[in-house]
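1. Provided below are the primary sequence and the corresponding predicted coordinates.
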Amino acid sequence: MPLLEVEDLSIDLGDFHLRGINLEVERNDYLTVIGPTGAGKSVLLEAIAGFYPLRSGRVILDGRDVTNLPPEKRGISIVYQDFVLFPHLSVFENIAFGLRKVERNEERIKSEVEHIAEELRIDHLLHRKPGTLSGGEQQRVAIARALVVRPKVLLMDEPFSALDEKTREKLRSLVKKVIGEHGTTVIHVTHDFEDVFTLAKHVAVMRNGRLVQFGTPEEVFSRPNDEFIADFVGTNLLRGKAEGRRDGLTAIRVGNVVLYTVDEAEGEVTLSLRPEEVILAREPGECSAQNVLPVEVTGMERRGHLVWLSLAADGLSLRAVVTPNAVELLKIRPGKRFYALFKASALRVVK
């Protein structure tokens, strides 16, 4: 039985609606929720937490219908991107705040707070006030406060977005370790795909108040349900026509070129190809890639640690991702020509 079940959940908030959300989250799962701004991701979290009355539907937690219970009775904790700490209380008192509502033994409170603070590496800050801490330290305090009460489900709404890139990386690793040790079930709203690839076991994609795809990161990013999802997650979608099987591979004509996939297909097909599966080389050489295309670089964009490339081949366009080191090593520039290489196992039939 799933730990959390959301059944046909609908909410009316004036000019915004959630409609017919069905979701199951297994115990110890780590679910990331992605989608464009305004898709309803935060509203879904807060509906699960009990902050909004439902127009219809139910929220069932650990076999118990909690639809009509107030937030504090649900066994759910939530962490926001802006920390929401009490500025006049010490770090210790901030962490202990929710715990004091369910635990009266001061020695036990002290022990629990010190333990979670040590796990999150903020035990040396317990005497400090939040205003004297860095953003990363404040967020660790907020996470400690949420975890110390041992929630059945931890909800996190963009918890790393207010932090610099280096701090985000460190906090992701720490949160992954601590969440794993606690066996906590997490639903995490994010715009950052690094959160998905680093932390998630499952991904839910939302659009216009509806859940439009659910699956593992591999399923969602390699086999998006439609063009909107493919564009949102950055997957290349190619349309072609199957030309039969050869040596265990299906030949697909896309534009003026023939590509090969391990998937079986007939007739008109849509293919997906993750940008990170595309390798650029000056010469085709000898490699295991069954697909080798001469391409021209038509655009470049730096995003964090990676560079996104726009490539034009004979009758098709591709996006690829490379490191800045690769850009310098290969002297990649707009207008230059290379070979794009990718395996038949990377080219997947969507429909």
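-> Thanks, I have it. Numbering: from 1, shown residues only.
2. can you tell me which residues contact the closest residue in space to Val102 that isn't next to it in sequence?
-> Excluding the flanking residues, the one nearest Val102 by C-beta to C-beta, 6 or more residues apart in numbering is Val149, at 6.5 Å. C-betas here are computed from N, CA, C, even on glycine. The contact partners of Val149, taken as C-beta atoms under 8 Å, 6 or more residues apart in numbering, are 77, 98-99, 102.
3. Is Val149 in a helix, a strand, or coil?
-> Secondary structure assignment for Val149 (DSSP: H, G, I helix; E, B strand; the rest coil): coil.
4. Any idea which of the contacts of Val149 the model trusts least?
-> On pLDDT alone, Val102 ranks lowest of those, at 87.
5. check which helix or strand covers it.
-> Applying DSSP states H and E as the criterion places Val102 outside every helix and strand.
6. next one: phi and psi at it?
-> For Val102, the backbone dihedrals are phi -120, psi -10 (criterion: degrees, to the nearest 10).
7. Check the separation of the first and last residues in stretch 149-159.
-> Taking C-alpha to C-alpha, to the nearest Å, stretch 149-159 runs 18 Å from one end to the other.
8. How far off centre is it?
-> Computed by C-alpha atoms, centre = their mean, to the nearest Å, the chain-centroid distance of stretch 149-159 equals 15 Å.
9. mean confidence score for it?
-> 96.
10. Ok, stretch 222-241 next?
-> 89.
11. That one: which residues count as buried?
-> 222-226, 228-230, 232-236, 238, 240 (16 or more other C-beta atoms under 10 Å).
12. Show me where the stretch 51-200 of the chain has its strands.
-> With strands called from DSSP state E, counting those that start in this stretch, the stretch 51-200 of the chain shows them at 56-61, 64-65, 76-80, 153-157, 185-189.
13. any chance of those in JSON lines, plus distance to Val43 and mean neighbour count?
-> As requested, the strands of the stretch 51-200 of the chain are exported to JSON lines (distance: least, C-beta to C-beta, whole Å; neighbours: other C-beta atoms under 10 Å):
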{"stretch": "strand 56-61", "distance to Val43": "13", "mean neighbour count": "18"}
{"stretch": "strand 64-65", "distance to Val43": "21", "mean neighbour count": "12"}
{"stretch": "strand 76-80", "distance to Val43": "13", "mean neighbour count": "22"}
{"stretch": "strand 153-157", "distance to Val43": "10", "mean neighbour count": "24"}
{"stretch": "strand 185-189", "distance to Val43": "10", "mean neighbour count": "25"}
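14. Now do the strands in the stretch 251-351 of the chain.
-> So, for the stretch 251-351 of the chain - with DSSP E, counting those that start in this stretch - the strands run 257-261, 268-273, 279-281, 291-303, 306-312, 317-322, 337-342, 348-349.
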